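Q: model this:
(chains A, B and C)
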Amino acid sequence: MAADTVRPILSIRDLRVTFQGGLGLAAAVDGVSCELQRGETLAVVGESGCGKSVTALSILRLIPSPPGRIAGGAIEFDGRDLLALAPEELYAVRGNAISMIFQEPMTSLNPVLSIGTQLTEGLIFHKRLGIREARERTVEMLRLVQIPDPEARLAQYAHQLSGGMRQRVMIAMALACEPRVLIADEPTTALDVTIQRQILDLMVELKERLGTAIILITHDLGVVAEMADRVAVMYAGKIIEQAPVDGLFDHPRHPYTRGLMAALPRLDRLSASGEEGRLNEMPGLVPSIYAMPPGCAFAPRCPFATSQCHAEEPAFEELSPGHYAACWEAGRLP
Amino acid sequence: MTAARPAAGAPLLEVRDLAMHFPVRRGLLQRTVGHVRAVDGISFALAEGETLGLVGESGCGKSTVGGLILRLLEPTAGSVLVRGRDIAHLGRGELKPFRREVQMVFQDPYASLDPRQSAGAMVAEPFAIHSLAARGEIRDQVARLFDRVGLRREHMQRYPHEFSGGQRQRLSIARALALNPRLIVADEPVSALDVSIQAQVINLMTTLQRELGLAYLFISHDIAVIGHISQRIAVMYLGKLVEIAPRATLLAGPLHPYTEMLLNAVPIPNPRLKRKHQRAVASEVPSPLNPPTGCRFHTRCPLAEARCRSAEPVLREVRPRHHVACHLR
Amino acid sequence: MAATAPPYDPTNVAAEELPRTRWWRRTARNRSIWLGGVLIAVLAIVALLAPVLAPYDPTKLAAGKRLSPPSWEHAFGTDEFGRDIFSRVIHGTQLTLYVGVVAVGIGLLAGAAIGIGAGYAGGWVQAVLMRGVDFLYTFPDILIALGLVAFLGPSLTNAMVAVGISVVPYYARVTYSVVLVERNKPYFEAATAIGAGWPRLVVRHLLPNIVPPLIVVATLGFSAAVLSAAALSFLGLGAQPPAPEWGKMLADGRNYIARAPWILVFPGLAIVVTVLGFNILGDGIRDVLDPRQRREVR
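A: Model (predicted):
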């Protein structure tokens, strides 16, 4: 794993994104580096405000600016730095080589354009297809995402579809141009659990068939366990642990990751009878990005923190092959 | 039809054949063109100190059940009995004593607190409404409630927007506790919270239950949370109860195909457990405006037979304390 | 700093310490309140001390030469009757503030009552009240005001009342829409669940949440009310000559716009300053009253 000679399809180096807010300038993403291999699913997991969505939006430079600004770093895709592209070059990448699906499928679809119009648009723009070809390809895509009666759907509008169907349409749209990277930002969070199951199954199946590399942004460790090959855990604008999925769940090295896992109510570990024990609580709150503590950002909530943790920021180190964590105490944890 | 009466004692809460049909009006004259059958004849009971989890997907009517039990809505049919007294059709004034018995914690900690009321005033309000404490004592009572839910007394002067989501939910719980209720209806109380904060609130709720002997009707779409906190679980689908059983029984051996589908759908945070579930076919939840005939689940049910399309199954006790509404069980 | 205490107390549930200020601190820091407040305060003082501040009797004819431009004797010049415009503007402050406050007061109180009644009660009460309001709304305000004055008889008092009544539908609609938004929020349901009756719901929960937007609307309405009253005065239905009402002065002076622009400029400026002052103040008040306006730390 460590001697991966294959060049990653996407690599983010030292990304820093700042926001100008009422209380001053703050870094929502502060020095994030990670790589995405071909055909791999990398899950980026964390609680709200940890910077996972900002990282995802930065890849296609979709950060609202102002107040946001990509203040530093590089995002290399296919040997080019996406952050240095001219706007026209960027449009050619968006929705084509890299595409994105969002959490809320209702607001991500234009309510006054038919599904067909929105789906064919990208194909006509990026792939220079004629209208007829684009429609044929669209029907094929809708069939691929298992939408019943695809021809009839082309004339429908977003409000005529259920939440699950809309997310299928979004996926069809994202995959229409055969992107090499798909960024999925909480793709199933707004859906009911049985519909989420269908969409997750669909994504696994499509990934196997099309070989698309996926960056999956989510807060749900269950979704991570089912979907990811590798996982990056974010806290307060930084990646604090990164590992292959089995390694992360078998032996989480960062106290935050451990805390997160222990805080989950779990159906697979319920006691057979009687009362459940208490869930693990992490005391306190995620620090405000306007008032970051010195040292390790998790130290104020960490049961293992030492004076070093409060003073010095830990390095992001490889603890076992492919398993990285940023924690002074990682080696000494029970 | 009193399904699922707890083993001993008169129930704290009993719901009988409860129904809520919302009229759908269209056109210039606002004529009623149909009814959304949000809740369509459900019955269950809840004992003192018990937690009943009510789980279901969006639009199944679970939140409407909460609203009906609190009498924020007047039911179309059926009754809600609190300690044997039907509160379903009481007037506003007659409801007041009942409000002291049953309280609510809402889903959205951002919208369910009055933005212009300070935290202290909010928790003090129930005392004033129900004349529960002398003016001079109210502050002490409020301070005690703040301690109890883990808020700092100094924060009484703060406004809701100055608190985090988890703190707001604590505030909402403090207010619900002010009247010293026996039952708290909690409608998705942790759904808007992050995992680590969710754990804090769930733990607080279980601690309070132990200390005060509260009963909870815990409404959620998250079956893992429900599984953690409940003693019994009721599953709703399109306005109907499809299954109700003690927690361990239901989770280990669900009898209704919908419950099974729901349990199988939950992603388990263990990558080594990637279960080989049968791939779910694309299916959609039918509209409660026009629910399917017979068993409402038959359109998505892998086991559906001819009778499921025509005859509606009745919730019946197939094993001790395990009730299910399915022809095949 | 190896041995220093951690910067945050992890046992504290409220680790997120927000910069917190009380309303008077926020008021003191709010620039709009200062600017608008000072403007309005100056106007109020001018209105109160008008007899002392004005160098001439505002109604005295031929205090100077007719239509003379601004000079040392007449800071704002004189009008077509030789009256001192500076004195007239100063005395007009009284009338204008009075007209604005009374007209907006009538409109706001009656309109808010209707809006709250309709929005809170719903059902047939809402239907009757709001259809009535809609009916009145189809007529231009000034037409309603004209009709009322014609009925009541021309005088400044009647003009104020007429203008006030003519804007009731506007305030009723604004209030109604704000009430609808607020009463459908979950906190309203939450208050019902703890047993709050309708008086408490309206006074403790509804009013505090609808007052800030209404204040803003009322300050904007102030200018419209002053202008409507002026229009009535111009038509001879409001302030009667020789009362130094700004709108009336504008209307009377319009024939001299080319020859003696100062006749219009100074009363016009006075109106602009007053309206601006109220608008700025209104914005400031909203910021201070509304805790939600303050930026949240995320």
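
Q: list the buried ones in the helix or strand that contains C:Leu269?
A: For C:Leu269, the element it lies in under DSSP states H and E is helix C:262-289. Buried positions in helix C:262-289, judged by neighbour count with 16 or more other Cβ atoms under 10 Å in any protein chain shown: C:262-268, C:270-271, C:274-275, C:277-289. The C-beta positions use only the backbone N, C-alpha and C, and glycine is treated the same way.

Q: dump the C-alpha coordinates for stretch B:111-118 into PDB.
A: C-alpha atoms of stretch B:111-118 as PDB (Å, rounded to 0.1, in the frame of the first residue of the first chain):
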ATOM      1  CA  ALA B 111     -36.900  26.600  15.400                       C
ATOM      2  CA  SER B 112     -38.700  25.300  18.400                       C
ATOM      3  CA  LEU B 113     -37.400  27.900  20.800                       C
ATOM      4  CA  ASP B 114     -38.800  31.400  20.700                       C
ATOM      5  CA  PRO B 115     -35.800  33.500  19.500                       C
ATOM      6  CA  ARG B 116     -36.900  36.500  21.600                       C
ATOM      7  CA  GLN B 117     -37.200  34.700  24.900                       C
ATOM      8  CA  SER B 118     -34.100  34.300  27.100                       C
END
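
Q: mind listing what's buried along that stretch?
A: Those buried within stretch B:111-118 under the rule 16+ other Cβ under 10 Å are B:Ala111, B:Ser112, B:Leu113, B:Asp114, B:Pro115, B:Arg116, B:Gln117, B:Ser118.

Q: show the contacting residues for B:Leu171.
A: By Cβ atoms under 8 Å, 6 or more residues apart in numbering or on different chains, the residues touching B:Leu171 are B:Pro109, B:Leu113, B:Ala119, B:Met122, B:Val123, B:Val149, B:Leu151, B:Pro160, B:Phe163.

Q: need these in a markdown table (columns: secondary structure and distance to A:Pro87).
A: Shown next, in a markdown table, are the contacts of B:Leu171 (DSSP: H, G, I helix; E, B strand; the rest coil; distance: Cβ to Cβ, whole Å):
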| residue | secondary structure | distance to A:Pro87 |
| --- | --- | --- |
| B:Pro109 | coil | 41 |
| B:Leu113 | coil | 44 |
| B:Ala119 | helix | 48 |
| B:Met122 | helix | 50 |
| B:Val123 | helix | 54 |
| B:Val149 | helix | 52 |
| B:Leu151 | coil | 50 |
| B:Pro160 | helix | 42 |
| B:Phe163 | coil | 42 |
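
Q: tell me the one of those nearest chain C?
A: For these, the closest approach to chain C (Cβ to the nearest Cβ) belongs to B:Leu113, at 5.5 Å.

Q: next one: the most centrally placed residue in chain C relative to chain A, how far apart?
A: In chain C, the centroid-proximal residue (Cα atoms, centre = their mean) is C:Thr219; its distance is 2.8 Å. C:Thr219 is 25 Å from chain A, where distance means Cβ to the nearest Cβ, to the nearest Å.

Q: does chain A sit close to the helix holding C:Leu269?
A: No. Using Cβ under 8 Å from any Cβ of the partner chain, helix C:262-289 stays clear of chain A, coming no nearer than 12.4 Å.

Q: now for that helix, which elements pack on it?
A: Helix C:262-289 sits against helix C:23-29, helix C:31-48, helix C:85-121, helix C:207-234, helix C:246-253, with contacts defined as 3 or more Cβ pairs under 8 Å, 6 or more residues apart in numbering or on different chains; DSSP states H and E.

Q: so who does C:Arg173 touch?
A: C:Arg173 touches C:Gly111, C:Gly115, C:Met130, C:Val133, C:Tyr137, counting by Cβ under 8 Å, 6+ apart.

Q: residue boundaries of the strands in the stretch 151-300 of chain B?
A: Applying DSSP state E, counting those that start in this stretch to the stretch 151-300 of chain B gives strands spanning B:183-187, B:215-220, B:232-237, B:240-246.

Q: relative to chain A, which of the ones you listed is closest?
A: The nearest among the strands of the stretch 151-300 of chain B, by Cβ to the nearest Cβ, is strand B:240-246 at 9.1 Å.

Q: now the closest one - C-alpha only, PDB.
A: Output of strand B:240-246 as PDB, limited to C-alpha atoms (Å, rounded to 0.1, in the frame of the first residue of the first chain):
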ATOM      1  CA  LYS B 240     -50.700   2.300  10.200                       C
ATOM      2  CA  LEU B 241     -48.800   0.400  12.900                       C
ATOM      3  CA  VAL B 242     -47.400  -2.700  11.200                       C
ATOM      4  CA  GLU B 243     -45.500  -4.200  14.200                       C
ATOM      5  CA  ILE B 244     -45.000  -3.600  17.900                       C
ATOM      6  CA  ALA B 245     -42.900  -5.700  20.200                       C
ATOM      7  CA  PRO B 246     -40.300  -5.500  22.900                       C
END
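
Q: packing partners of that strand?
A: strand B:31-46, strand B:232-237, helix B:257-265, strand B:322-324.

Q: okay, now the unreliable bits of the stretch 151-300 of chain B?
A: Within the stretch 151-300 of chain B, the stretches with pLDDT under 70 are B:274-283.

Q: returning to what we had before: so which of the helices and strands packed on strand B:240-246 gets nearest A:Ala74?
A: Judged by Cβ to Cβ, the one of the helices and strands packed on strand B:240-246 that comes nearest to A:Ala74 is helix B:257-265, at 39.9 Å.

Q: what's downstream of that closest one, the next helix or strand?
A: helix B:306-310.

Q: C-terminal to that following helix, what's the next element?
A: Counting by DSSP H and E, what follows helix B:306-310 is strand B:316-319.

Q: near chain A at all, that next one?
A: No. Strand B:316-319 is not in contact with chain A by Cβ under 8 Å from any Cβ; minimum separation 16.0 Å.
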